[in-house]
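Participant: missing the sequence, but the structure's below:
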Ligand code: DAH
């Protein structure tokens, strides 16, 4: 019995998983295990022998069972320790920061401009950036020989060899959307069109791609007075301060009369401040829509009249947010974007403030 005891206790002690323990349990105290077989032999013993052997075998069985149980717990502890070591997680470590993108100033200002003018009842219209020359020029009263075609440094699209129709252009302004909108919706109409435009020009204040917003309001009795009110309201809301405007007589083929509009500003210390001082800054072109243009848009100039204006969005962004060089807008320099960009959650609204 001592041999059995030593054999099993030693084996249990050095078992290294639960499967080995189970094998040992079957071999020792299972139905056909060595200890169980010995117990069956008790029947063949004399009563005296049985009195000694019986309790000793029971004690051995108990001892083996509790050794098995203790070893099982020990093995579980080891397994748990190994898991804890392997899956250790320091919840006190600082979180990993994720880089957040920013909203580009051009997008932000487009939203601001749209919020202000939408509040005045202007709907947003869109047109293609690749435009045919009728919409970009002729329909806007800019005939083939007109100097505006060359002055605008137009980008022309190539036609296949032998195709002699006039080439398409990258639209040089957002004005063609006036025509498209009138043809689609007729009069009365009140729209703005923010979008990309293209001209072959490159210096501190010009890039070959830039942004404009076009405005158009046509009804029975719309006049220059309405134009002036809309623009003054617009600038004051946009810059967050009362801004005086100055209308200077000018010429555009698509308006008659035409006016260039300046806003009040000061130039002190090399920086422009809008809404103060006695300087002026030219910011847009405007006027009463020319009868030819109304007719191109399918609108009868004997019944309808109204104003139009065109303004540079990038220019507005530079002025409002103090950006000195337009070219940096389109360099995709991350440091610039992080500095001048806006939080994606700071959606411009009139009630939230611009
Ligand atoms: N299309 C002109 C440009 O790009 C801007 C402009 C001037 C638009 C007068 C207008 C307008 O609607 O009435 O230079």
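Facilitator: Here it is on my side, so go on. All of these numbers come straight from a predicted model, not from anything done at the bench.

Participant: what residues does the helix or strand bottoming out on mean pLDDT in the chain touch?
Facilitator: Taking mean pLDDT, DSSP states H and E as the measure, helix 147-151 is the helix or strand of the chain with the lowest mean score, a mean of 75. With contact meaning Cβ atoms under 8 Å, 6 or more residues apart in numbering, helix 147-151 is reached by 137, 142, 253. All C-beta atoms are positioned from the backbone trio N, CA, C, and that covers glycine.

Participant: can you give me the helices in the stretch 101-250 of the chain?
Facilitator: 105-119, 133-136, 147-151, 176-185, 224-239 (DSSP state H, counting those that start in this stretch).

Participant: so what secondary structure elements neighbour the fourth one?
Facilitator: On a contact count with 3 or more Cβ pairs under 8 Å, 6 or more residues apart in numbering; DSSP states H and E, helix 176-185 meets helix 133-136, strand 189-198, strand 209-219, helix 291-296.

Participant: which parts of the strand or helix carrying residue 288 are buried?
Facilitator: In the assignment (DSSP states H and E), residue 288 maps to strand 279-289. Neighbour counts over strand 279-289 (16 or more other Cβ atoms under 10 Å) mark 281, 283, 284, 285, 286, 287, 288, 289 as buried.

Participant: which other helices and strands contact that strand?
Facilitator: For strand 279-289, the packing partners by 3+ Cβ pairs under 8 Å, 6+ apart come out as strand 209-219, helix 224-239, strand 245-252, strand 255-266, strand 305-312, helix 313-321.

Participant: Highest neighbour count among the contacts of helix 147-151?
Facilitator: Using other Cβ atoms under 10 Å as the neighbour criterion, residue 137 leads the contacts of helix 147-151 with 25 neighbours.

Participant: my guess is that residue contacts residue 156, does it?
Facilitator: No. Using Cβ atoms under 8 Å, residue 137 makes no contact with residue 156, being 11.7 Å away.

Participant: List the contacts of the residue of the stretch 1-150 of the chain at minimum distance from the ligand.
Facilitator: Nearest residue of the stretch 1-150 of the chain to the ligand: residue 140, at 7.8 Å (Cβ to the nearest ligand atom). By Cβ under 8 Å, 6+ apart, residue 140 lies in contact with 175, 176, 178, 179, 253, 254, 293, 296.

Participant: For the chain, what lies in contact range of the ligand?
Facilitator: Residues of the chain found near the ligand (Cβ under 6 Å from any ligand atom) are 173, 175, 214, 252, 254, 255, 285, 286, 287, 308, 309, 310.

Participant: wait, isn't the last one in contact with residue 172?
Facilitator: No. Using Cβ under 8 Å, residue 310 and residue 172 do not qualify as a contacting pair, with a distance of 10.8 Å.

Participant: Can you list the low-confidence ranges for the stretch 101-250 of the chain?
Facilitator: Scanning the stretch 101-250 of the chain for pLDDT under 70 picks out no residues.

Participant: For the residue of it found nearest the ligand, which residues are in contact?
Facilitator: Closest to the ligand within the stretch 101-250 of the chain is residue 173: 3.2 Å, counting by Cβ to the nearest ligand atom. By Cβ under 8 Å, 6+ apart, residue 173 lies in contact with 136, 152, 197, 212, 214, 310.

Participant: Roughly how far does it sit from residue 65?
Facilitator: Remark: distance between residue 173 and residue 65 (Cβ to Cβ, to the nearest Å) = 95 Å.

Participant: Residue 214 too?
Facilitator: 92 Å.

Participant: These two - which one has more neighbours?
Facilitator: Between residue 214 and residue 65, counted using other Cβ under 10 Å, the more crowded position is residue 214 (23 against 14).

Participant: Leaving out the residues flanking it, which one is nearest to the more buried one?
Facilitator: Among residues not flanking residue 214 along the chain, residue 174 sits closest, at 3.8 Å (Cβ to Cβ, 6 or more residues apart in numbering).

Participant: Likewise for residue 297?
Facilitator: Counting by Cβ to Cβ, 6+ apart, residue 297 lies nearest to residue 182, which is 2.7 Å off, once chain neighbours are set aside.

Participant: wouldn't the one you found be in contact with residue 217 here?
Facilitator: No. Counting by Cβ under 8 Å, residue 182 does not reach residue 217; the two are 11.5 Å apart.

Participant: out of those two, which sits in the more crowded spot?
Facilitator: residue 182 (25 against 22).

Participant: ok, that one to residue 139 distance?
Facilitator: Distance from residue 182 to residue 139, by Cβ to Cβ: 9 Å.
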